[in-house]
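Asker: Sequence and predicted model, in that order:
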Protein chains: 2
Amino acid sequence: MGKQLRLGAFLLGCGHHSAAWRHPDSPVERLGDITYYESLARTAERGKLDAVFCADGHSVREPESGASWFLEPITALTAMARATEHIGLVTTISTTFYTPFHAARLLASLDHISGGRAGWNVVTSMFDQEARNHGLDTMPDHAARYERAGEFVDVALALWDSWSDDAIILDRRGRFADATKIHRIDHEGKNFRVDGPLTVPRSPQGRPVLFQAGASEQGRELAARRAEAIYSVAYDLPSAQSYYADVKARIEHSGRDSSSVAVMPGLVTYIGSTPAEARAKKAELDRMLPTAQSIRQLSLFTGQNCETWDLDAPVPPLPDPELFDGPQGRYATILRIVEKDSPTVRELLGTLAAGGGHATMIGTPRSIADEMESWFVNGGADGFNLMPPTYPHGLEDFVDLVIPILQARGLFRREYEGATLRENLLGPETLNRSESQTSSSMHPKTNNTAYKVHRHITS
Amino acid sequence: MGKQLRLGAFLLGCGHHSAAWRHPDSPVERLGDITYYESLARTAERGKLDAVFCADGHSVREPESGASWFLEPITALTAMARATEHIGLVTTISTTFYTPFHAARLLASLDHISGGRAGWNVVTSMFDQEARNHGLDTMPDHAARYERAGEFVDVALALWDSWSDDAIILDRRGRFADATKIHRIDHEGKNFRVDGPLTVPRSPQGRPVLFQAGASEQGRELAARRAEAIYSVAYDLPSAQSYYADVKARIEHSGRDSSSVAVMPGLVTYIGSTPAEARAKKAELDRMLPTAQSIRQLSLFTGQNCETWDLDAPVPPLPDPELFDGPQGRYATILRIVEKDSPTVRELLGTLAAGGGHATMIGTPRSIADEMESWFVNGGADGFNLMPPTYPHGLEDFVDLVIPILQARGLFRREYEGATLRENLLGPETLNRSESQTSSSMHPKTNNTAYKVHRHITS
């Protein structure tokens, strides 16, 4: 069997389209109801997806437009762990607001509770509003955040390795554990001082799987050094290929095997039995956007007076990027969407409102599978982090209609191969319990970089 | 129906006797298995207990003598929430190591996930070893910790009140929420700066129930000001009465109704069909203690050379406290145990090894019910936090044998009365969702002390 796609489901409120909650079928009344998230996780598991993925934020933004962060993700994913048996559970934890001991401990506990299915999306957070909920006046600058993040991850890895696999003896007439196999880590760095060991004995995966979403220079470097799966942003195949080639080269450059790291762009899908039906699903959501507000935003994003534009006419020609003096990233995305899709103004607003620059595939199950395959075989993606515009229907459509086609083509699993997220996502040859154990008990002071462990197990 | 006992089950590893894991029947192989804790929670719920209670620690101490902190408690209790329907879930969170935003958010999320059954045991932590896992060299001193704890709880309460109950509108053609009912808290204090609002909308209980275990002067003051249930330590009825009277007076002094706060001493029980069988259960565990180590400790605790003592002879006479220049608290407990129980040396070691100074009742279900009732009716306790020497058997014995007697006497519920921990533990007249809502929307700036809310609802 050839290489296969990696697929996650990025859970978010009523879906990734910001008007999703307005749809008559939306589950908006259930956003505080854990059984809603449990049923999404079960749907994703029915589709044999690698993982469900939860983002996180530490401030309320625009409460009038929907509550993205209703439940705290670690607790929500713990409940989802108990409602499923195979699927991975990837939680976002901010390295700016937690201590590494908290993060390592919560993740190790989730890994025990889920039987080895925990993943960690490492983020540094962005907004001053978030900083001001945790005692800071503003966010540390980008460089300081990433420096802290790098050290934070190093400490977490060392804490996970602080109990050797064979530390626990359970000899009722002798010792509970072998104290010589429970190591202090004695970390003293620029940002942290942590003695260790962790209070939680080694978990089934040893090390929960590290996800990262690095777009900036420092983000890509952290991803290259540490990430085992990367959640990326690319609207079209050329930009996906460009990111993919760059980050894979960085991974190799940092001495790791780049084929062992899964690059997974976000993917918004509108699925219909005909292309027209798929487009109609998008159009229905796009019509629910509060237009005045979106148009005001678009004026900012493009430097044009969009209030005069006809919502249902094509987007008028836009000036070259060098003539636009606002934020370049967003503007480049808009130009790319206009070039690829020739949308109407309303369609553009809707595309920005769902994923905002992530790959957006609109069509039949077959055409979407074709497009995914094209990204996969042409060096754009090792898989995708699915961002259905609506939950639960957008995910159900994908699982029921697209997954079987991918399976028939040999591009996606029919059953989970392994017991842990690590085994399913990264393959059976990945770092596993006993190998990590070997290195950790034999080389307590030299195994604390993913690079060395990786080389050990892939060589 | 008269006033009834409040009962919690303090979950801890294989039980509260430090040799419990050595027992042939012990579940020591399952300490990392969440189904073990779920089954304990279900047993406690079968007994209609108010809550399960998890302690916490941020360092590994004496790993050779058993792993007390195997799982992180918030994640473990989240899983237990999904395995039960009625019982409260009380997690310990340290105000020294978390930020109030994290604590409030995790607890609010657990409250949503559990349908209103979250409780928070507020602790300040104690050990330098813990501090050194979170970046500090030593623990802040006791006064600084309690000052921080007081402000921490104030902030958490304000964050829980930051979403009014009717903030969420869910008008699909209009607004998701009424932004005027989602308040910033704009807290700037000595220890914290927190803008708010919380990212988690108001949870079923509004405010998860506050537990505290204050023994020191500052601990008692914090308990008096904020606690809704108090986990206390008393070996015998006179010391229980003394603590009870003191803390109830402090609660009244701080302007709250002391009958609305449940004082729950820890309680270790050895239950047999005869007194001899009960004593044999304790003796069996006591025999499993590693004696040399315990005797060395006892020498320190008493200032005597205990190595010369006969393990199975009565404890020799001990000097008056004023002649002992070691730690007074532990020595006073030892004198109290010797005076009350006239134990052999081995029995004393076992009593110290299980609960270490908490009430210890050894006997038939009836004699234990009698003793509990005596504490209850004589101003020693409003209930108990059960500390079975062994799990699961010690808890099963209590639920199957003692609970029916308490129920028959009208001292304990036969069914849960309310839907939330707050309603079950504190009664139907307690702060509930709509009342808190009323005060929070009408007096957004003046309702942020439990005292005022309490007066509002009890007057």
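Answerer: Arrived safely. It should be emphasised that the depicted structure is a prediction, and the values quoted were computed from it without experimental measurement.

Asker: By mean pLDDT, which helix or strand of chain A comes out lowest?
Answerer: The weakest-scoring helix or strand in chain A, judged by mean pLDDT, DSSP states H and E, is helix A:450-458 (a mean of 30).

Asker: For A:P388, which non-adjacent residue is closest in space?
Answerer: A:G394 (2.8 Å; C-beta to C-beta, 6 or more residues apart in numbering or on different chains). C-betas here are computed from N, CA, C, even on glycine.

Asker: Which helix or strand contains the one you found?
Answerer: helix A:393-397 (DSSP states H and E).

Asker: Please apply the same query to A:T43.
Answerer: Applying DSSP H and E, one finds A:T43 within helix A:34-46.

Asker: tell me the mean pLDDT for that helix?
Answerer: Mean pLDDT, computed over helix A:34-46, is 98.

Asker: Each with direction, which strands does the following helix or strand past that helix pair with?
Answerer: Note on helix A:34-46: by DSSP H and E, the next helix or strand toward the C-terminus is strand A:51-54. Next to strand A:51-54 in the sheet, as set by DSSP bridges, lie strand A:6-11 (parallel), strand A:88-94 (parallel).

Asker: between these, which gets nearest to B:E217?
Answerer: Between B:E217 and the strands paired with strand A:51-54, the shortest separation by C-beta to C-beta is 37.0 Å, and it involves strand A:88-94.

Asker: so A:F101, which of the three states?
Answerer: Taking DSSP: H, G, I helix; E, B strand; the rest coil as the rule, one finds A:F101 in the helix state.

Asker: Is it correct that it is in contact with B:N133?
Answerer: Yes. At 4.5 Å, A:F101 counts as touching B:N133 under the criterion of C-beta atoms under 8 Å.

Asker: Now for those two: what residues contact both?
Answerer: Common contacts of A:F101 and B:N133 (C-beta atoms under 8 Å, 6 or more residues apart in numbering or on different chains): A:V194, B:H58.

Asker: Look at the two and report which has more neighbours.
Answerer: Between A:F101 and B:N133, counted using other C-beta atoms under 10 Å in any protein chain shown, the more crowded position is B:N133 (31 against 25).

Asker: Isn't that one up against B:S59?
Answerer: Yes. B:N133 lies in contact with B:S59 (C-beta under 8 Å); the separation is 5.8 Å.

Asker: Quick check: neighbours shared by these two?
Answerer: A:D195.

Asker: the inter-axis angle of the biggest helix by length in chain A versus strand A:88-94?
Answerer: As assigned by DSSP state H, the longest helix anywhere in chain A is helix A:142-160. With axes from the mean of the first three to the mean of the last three C-alpha atoms, to 10 degrees defining the directions, helix A:142-160 sits at 130 degrees from strand A:88-94.

Asker: Sketch out the strands for the stretch 51-200 of chain A, chain order is fine.
Answerer: A:51-54, A:88-94, A:118-123, A:187-188, A:193-194 (DSSP state E, counting those that start in this stretch).

Asker: for those, which one sits closest to B:T333?
Answerer: Here strand A:193-194 is closest among those (C-beta to C-beta), at 34.2 Å.

Asker: so what does that closest one touch, helix or strand wise?
Answerer: helix A:142-160 (3 or more C-beta pairs under 8 Å, 6 or more residues apart in numbering or on different chains; DSSP states H and E).

Asker: The helix it packs on close to chain B?
Answerer: No. If you take C-beta under 8 Å from any C-beta of the partner chain as the test, helix A:142-160 misses chain B, and the best it gets is 8.6 Å.

Asker: Please spell out which residues along that helix are buried.
Answerer: By 16 or more other C-beta atoms under 10 Å in any protein chain shown, the buried positions in helix A:142-160 come out as A:145-160.

Asker: Okay, angle between that helix and strand A:118-123 too, please.
Answerer: 160 degrees.

Asker: Farthest from the middle of chain A: give me that residue.
Answerer: A:R173 (46.5 Å; C-alpha atoms, centre = their mean).

Asker: circling back: mind checking the strands of the stretch 51-200 of chain A for the one nearest to B:R225?
Answerer: Per C-beta to C-beta, nearest to B:R225 of the strands of the stretch 51-200 of chain A: strand A:88-94, 31.8 Å.

Asker: Show residues contacting that closest one.
Answerer: Against strand A:88-94 from outside (C-beta under 8 Å, 6+ apart): A:8, A:41, A:50-56, A:58, A:73-74, A:77-78, A:80-81, A:103, A:106-107, A:110, A:114, A:117-125, A:130, A:209, A:211, A:421, A:424-425.

Asker: Now do the lengthiest strand in chain A: which elements does it pack against?
Answerer: The residue-count maximum for a strand in chain A (DSSP state E) belongs to strand A:262-271. Applying 3+ C-beta pairs under 8 Å, 6+ apart, one finds that strand A:262-271 makes contact with strand A:6-11, strand A:229-232, helix A:237-253, helix A:275-287, strand A:359-363, helix A:365-377, strand A:383-386, helix A:393-397.

Asker: Just the mean pLDDT for the third one, thanks.
Answerer: This predicted structure assigns helix A:237-253 an average pLDDT of 96.

Asker: residues in contact with A:A354?
Answerer: Counted by C-beta under 8 Å, 6+ apart, A:A354 has contacts A:G15, A:H16, A:H17, A:S18, A:A20, A:V268, A:K282, A:L285, A:T360, A:M387, A:P389.

Asker: Tell me, how many residues neighbour the second one?
Answerer: Burial measure for A:H16: 26 neighbouring residues, criterion other C-beta under 10 Å.

Asker: cool, and the last one?
Answerer: Neighbourhood size, A:P389 [other C-beta under 10 Å]: 28.

Asker: Tell me who's in contact with it.
Answerer: A:P389 neighbours (C-beta under 8 Å, 6+ apart): A:G15, A:H16, A:H17, A:A20, A:V268, A:T269, A:Y270, A:K281, A:K282, A:L285, A:A354, A:G355.

Asker: and the two most separated of these?
Answerer: Across the contacts of A:P389 (C-beta to C-beta), the longest gap, 14.6 Å, separates A:K281 and A:G355.

Asker: filter the contacts of A:P389 to the buried ones?
Answerer: The buried subset of the contacts of A:P389 - by 16+ other C-beta under 10 Å - is A:G15, A:H16, A:H17, A:A20, A:V268, A:T269, A:Y270, A:K281, A:K282, A:L285, A:A354, A:G355.

Asker: State the phi and psi torsions of the third one.
Answerer: Main-chain torsions, A:H17, degrees, to the nearest 10: phi -80, psi 130.
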